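Novice: my questions concern the predicted model and sequence given below.
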Amino acid sequence: MKYLFIDASENSTFAQTGDTDGFKPRSFATDRNFAARITLICDEMLGNAGWSFSDLDCLALCTGPGSLTGLRVAAAFLRTAAMLTGKPLVGVNLFEWSLQSLLNQKKTGAIRVVMPTLIDKAFMVEATLPSLHHSNPELIDRSASGTHPDTYGIRFTVPGVTEVKLDPAALHEILCKKELKAAAGMSEILNILPMYVIPSQAERKFKENL
């Protein structure tokens, strides 16, 4: 299966192509101009793989948590591409990517994974490896992130929290799993949206004032 994956959940953009022969990851310093560069990023990744767009079997998207703007732009672009070409589109969230990364490091047992939001909060999920199934994300105080044993942070480390590196090989393994369900058709493609996003300061203040 030939795939193209885009992760726009932070200021830099991560992209990866892969098939049964291996994978090719790359990071792009997009900062605030991701929307203007997404087509160029896709073209460059396909060129490096030696493929054309028609060669792809699957489009893949990071569904967060992360930057609301980046996730929305990537989702809109890849959903449109999937609808116009009829190619399947799959979503991978950062929690399952981190769990597979930890599993590849031979971690097992009950763990917690946290990722900070803006200001003073963090998303938290619980899982028991080797299963990649995780609990629904909860919003906790960031100061409580390191109060539980075996806690790992996505792009985040404080006392009691060990940072988990998002491994491109783990992502490749997830995307190549035969049981991964791909969205196909208009209604399913429209459901490939950011699963979790970091709330903006305006959204936080609005909620506090309710």
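Specialist: Done, it's in. Numbering: from 1, shown residues only.
Novice: residue 24 pairs with what?
Specialist: residue 17 (DSSP bridges).
Novice: next one: it from residue 96, what distance?
Specialist: Distance, residue 24 to residue 96, using C-beta to C-beta, to the nearest Å: 21 Å. Placement of C-beta: from N, CA and C, glycine included.
Novice: the two: who's more crowded?
Specialist: Ranked by neighbour count (other C-beta atoms under 10 Å), residue 24 and residue 96 place residue 96 first, with 20 against 15.
Novice: residues touching the more buried one, list them.
Specialist: Going by C-beta atoms under 8 Å, 6 or more residues apart in numbering, residue 96 touches 132, 134, 174.
Novice: hang on, it in a helix?
Specialist: Yes. Counting by DSSP: H, G, I helix; E, B strand; the rest coil, residue 96 is located in a helix.
Novice: can you give me the distance of it to residue 82?
Specialist: Residue 96 is 20 Å from residue 82, where distance means C-beta to C-beta.
Novice: can you give me the domain assignment for this protein?
Specialist: The chain breaks down into these domains under automatic domain parsing: 3-93+168-199, 94-164.
Novice: now the ones you listed in JSON lines, with mean pLDDT?
Specialist: Shown next, in JSON lines, are those (pLDDT from 0 to 100):
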{"stretch": "domain 3-93+168-199", "mean pLDDT": "89"}
{"stretch": "domain 94-164", "mean pLDDT": "92"}
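Novice: any idea how far residue 72 lies from residue 119?
Specialist: 21 Å.
Novice: can you show me the CA trace of the longest helix seen in the chain as CSV?
Specialist: Longest among the helix segments of the chain by residue count, using DSSP state H, is helix 68-85. The C-alpha trace of helix 68-85 is given here as CSV (Å, rounded to 0.1, in the frame of the first residue of the first chain):
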residue,chain,number,x,y,z
LEU,A,68,-6.6,24.1,15.2
THR,A,69,-5.6,26.0,12.1
GLY,A,70,-3.1,23.4,10.9
LEU,A,71,-5.4,20.5,11.5
ARG,A,72,-8.3,22.2,9.7
VAL,A,73,-6.2,23.1,6.7
ALA,A,74,-4.7,19.6,6.4
ALA,A,75,-8.2,18.0,6.9
ALA,A,76,-9.8,20.3,4.3
PHE,A,77,-7.1,19.7,1.7
LEU,A,78,-6.9,15.9,2.1
ARG,A,79,-10.7,15.4,2.4
THR,A,80,-11.1,17.4,-0.9
ALA,A,81,-8.3,15.4,-2.6
ALA,A,82,-10.0,12.1,-1.4
MET,A,83,-13.4,13.2,-2.6
LEU,A,84,-12.1,14.3,-6.0
THR,A,85,-10.0,11.2,-6.7
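Novice: got the buried residues for it?
Specialist: In terms of neighbour count (16 or more other C-beta atoms under 10 Å), helix 68-85 has its buried residues at 68, 70, 71, 73, 74, 75, 77, 78, 79, 81, 82.
Novice: next SSE after it?
Specialist: Downstream of helix 68-85, the first helix or strand assigned by DSSP states H and E is strand 89-92.
Novice: figure out how far that following strand is from the centre of its chain.
Specialist: Strand 89-92 sits 9 Å away from the centroid of its parent chain (C-alpha atoms, centre = their mean, to the nearest Å).
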